[in-house]
Each structure stands twice: as structure tokens, then as C-alpha cells.
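Asks: model this:
(chains A and B)
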Amino acid sequence: MVESEVFRALADPTRRAVFERLSQREMSVSELTSGFTISQPAISQHLAALKGAGLVAERREGRNVYYRSDARGLDALAQWVQRYRIFWPGRVEKLKRVLKDMDK
Amino acid sequence: MNDPRESDDTVVVECDLPEPPEQVWRALTEPELVAEWLTADEGANDDTAIECEIIEAQPDRLVRYSWRDVDDRGGADDRSLESIVTFELARTATGGTHLRIIHTAFEQMPALAMAA
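Replies: So this is what the prediction gives:
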């Protein structure tokens, strides 16, 4: 999973809402669309982008297609958060030293 | 005002500093001072470069940066991740600064996108 693809896909607020909705349960496009104020083609575009990033999986059943979130896509996000949980406390320590030097 | 918390896409770090907000503000916004504490230590095993740019500034109170990790291994733009870092400064009772760093991967989701 390429981290930046996941980020790009989720950076759009509507797309993110689609992803979160599909985290609750599997849905068809029409079912999904009923929860939003945007059109079905727009929803389909968002779904395509999410699928491309590996964040959404589809299941075909006859003529129907059902979508659900693929939680593995979130691993990249978890790694990003973990990196900055370590990064910031370290930088704060350096900032404290810089502030002390400014006093002199 | 919204109150961002730690979550699956946000890192929050807080600390109290003895220096006043005016001084902390300088350390957070003057490029040569920022470079002193924000850049990686020499020889550190850090393969990520950072590009950041001020997108909002309220002197001595708040500064917000757009933040981009540039992965040296990939080089090209498509390896970069964009996020937002907000530094909030508040004067403490003793004249120091309470600093709050909020780093979030995404902007807040607008409620309007959802009908229900």
C-alpha cells in the first residue's frame, strides 16, 4: 500500500465520509447515495478513487455490486500517526533548547 | 472553537514553556530559528525531508503550517504526503507559554456532506 495514495484518496472530505460510511456496513451505490446530498455519479467517482487506493473492496452478486471499506488501507495512516507521535516530543525538546539560547 | 483531540488521523502534543508567547512565536515563525529545532540532527537516520509553509498566522496566538513529507527514496511528488500543523500559544499564569501542537492528516469533515 502506497501511503500517499491513501492520503490523497482520503484528503477529500466527501470521499472520507463515503469511506467512513462504508466502514459501518456493506452498501450498494444507491443505498450509499441516499445518505448524501451529492449525485450518484459523484458517489461512483469517489468509490473508484477509494478502490484505486485499496480502501474499498467490492462484491458482485448478480447485477448488484456491494461496497465495503477495507480496513487494511488504514495501516498507512496508523504508521503516519505513529511516526509523528514520536517526532513531535523530540522536536519540542529541541525547541526548548532554542528558546533558552534566545534568552542569552 | 473546535477542540481537536488525538485520533486516528491527529497527533496532539502539549507542553508548558517558561518563555513568553512573544518569544515562542518568534521561534515558531522566524525561518532561521525554526530551522534550528525542526530539522533533523546531523547524521540522524531520517530519510524524510519536510516542506512547510505558513497558511494562517495570528501573532503570539496561533500559527498554522501546511506540511509536506517528502520521501527521499521516492523523490518524485507522488511520494509526498500533505497535512496541517497548528501551533496554539496561550499565556500561562506565570507569564510563560502553554504550547499545543496539533498535527492532522486531514481537514475536518464538513457536516454538510452528510444528509443524515
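Asks: Remind me which helix or strand the residue lying closest to residue A:53 once chain neighbours are set aside belongs to.
Replies: Distances taken as CB to CB, 6 or more residues apart in numbering or on different chains place residue A:9 nearest to residue A:53, at 3.7 Å, with adjacent residues excluded. For the C-beta atoms, the positions are set from N, CA and C on the backbone; glycine is no exception. Using DSSP states H and E, residue A:9 falls within helix A:3-11.
Asks: Just the buried positions in that helix, please.
Replies: Going by neighbour count (16 or more other CB atoms under 10 Å in any protein chain shown), the buried part of helix A:3-11 is A:3-10.
Asks: Figure out the helix or strand that residue 87 lives in.
Replies: Picking chain A for this. helix A:75-103.
Asks: switch to chain B, that's the one I care about
Replies: Using DSSP H and E, residue B:87 falls within strand B:81-91.
Asks: Output the contacting helices and strands for that strand.
Replies: In this structure, strand B:81-91 packs against helix A:3-11, helix B:21-29, strand B:62-71, strand B:97-104, with contacts taken as 3 or more CB pairs under 8 Å, 6 or more residues apart in numbering or on different chains; DSSP states H and E.
Asks: That strand: how far from the chain's middle?
Replies: Chain-centre distance of strand B:81-91: 3 Å, with CA atoms, centre = their mean, to the nearest Å.
Asks: Need the contact partners of it.
Replies: Identification of contacts with strand B:81-91 by CB atoms under 8 Å, 6 or more residues apart in numbering or on different chains yields A:3-4, A:7, A:11, A:80, B:20-21, B:24-25, B:28, B:52, B:55, B:60-69, B:97-107.
Asks: Let me see the contact set for residue B:38.
Replies: A:91, A:94, B:50.
Asks: now those: which count as buried?
Replies: A:91, B:50.
Asks: returning to what we had before: what's the angle between the strand holding residue B:87 and strand B:62-71?
Replies: Interaxial angle, strand B:81-91 versus strand B:62-71 (axes from the mean of the first three to the mean of the last three CA atoms, to 10 degrees): 150 degrees.
Asks: Strand B:81-91 pairs with which strands, parallel or anti?
Replies: Strand pairing for strand B:81-91, determined by DSSP bridges: strand B:62-71 (antiparallel), strand B:97-104 (antiparallel).
Asks: can you tell me which of the ones you listed the model trusts least?
Replies: Among the strands paired with strand B:81-91, strand B:62-71 carries the lowest mean pLDDT, a mean of 85.
Asks: Save the buried residues of helix A:3-11 as a markdown table, and put in distance to residue A:19 and pLDDT too.
Replies: Compiled in a markdown table, those are given as follows (distance: CB to CB, whole Å; pLDDT from 0 to 100):
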| residue | distance to residue A:19 | pLDDT |
| --- | --- | --- |
| A:3 | 16 | 67 |
| A:4 | 16 | 72 |
| A:5 | 13 | 77 |
| A:6 | 10 | 82 |
| A:7 | 12 | 80 |
| A:8 | 13 | 80 |
| A:9 | 8 | 85 |
| A:10 | 6 | 84 |
